[in-house]
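Engineer: Quick check, what structure comes out for this input:
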Amino acid sequence: MLDYKITPINKSDAYKINKALLKELKDRKLLKNVLMHIKKGIAIKLEYDGEIAGFCLALEFQTHFSLSYYYIYSEHRRKMGSFFFFSHCLSKMKNKPIFVQKNKNYEMYRRYFRNTSEDEIIQFKGLREDMQWAELLKQ
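Structural biologist: Here you go, the predicted structure:
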């Protein structure tokens, strides 16, 4: 974990984050959304050797958090540093429910979410007490 560093996202990081997200999402307003999260929301990055290894962008509302973008670059996935980053991000959002829009990885992580009345919106219910998340780190 010592090689990883968790820091706030700077405005200068926006283009690099936008480029990573554009591979997954086709949204013309993406850069504008990223900048808005940096200015008004929770904007945290995981760094490895001075480069962005992952990031978390969320917005706080009166009743909940919206986890808009959470991304770990593939070479850093399933590493202990990415788990600590995930835990750190969750600690920033611990006092209210966390809602997420379903994405292509939903089936892999579905056990950590519950459905809501809106089809594409799910609520994070936490890591299971039986430590099944630890199996993801081993893969």
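
Engineer: Tell me which other helices or strands the lengthiest strand in the chain touches.
Structural biologist: Among the segments of the chain that qualify as a strand by DSSP state E, the longest is strand 51-60. Where contact means 3 or more CB pairs under 8 Å, 6 or more residues apart in numbering; DSSP states H and E, strand 51-60 is packed against helix 14-22, helix 30-40, strand 42-48, strand 65-72, helix 80-92. C-beta here means a position set from N, CA and C on the backbone, and glycine is covered the same way.

Engineer: Any idea what Ile44 is bridged to?
Structural biologist: With DSSP bridges as the criterion, Ile44 is bridged to Pro8, Cys56.

Engineer: still on that earlier bit, what's the longest strand of the chain in contact with?
Structural biologist: Contacts to strand 51-60, defined as CB atoms under 8 Å, 6 or more residues apart in numbering, come from residues 4, 9, 13, 16-17, 20, 34, 37-38, 40-47, 65-73, 75-76, 81-82, 85, 89, 92-93, 96, 98.
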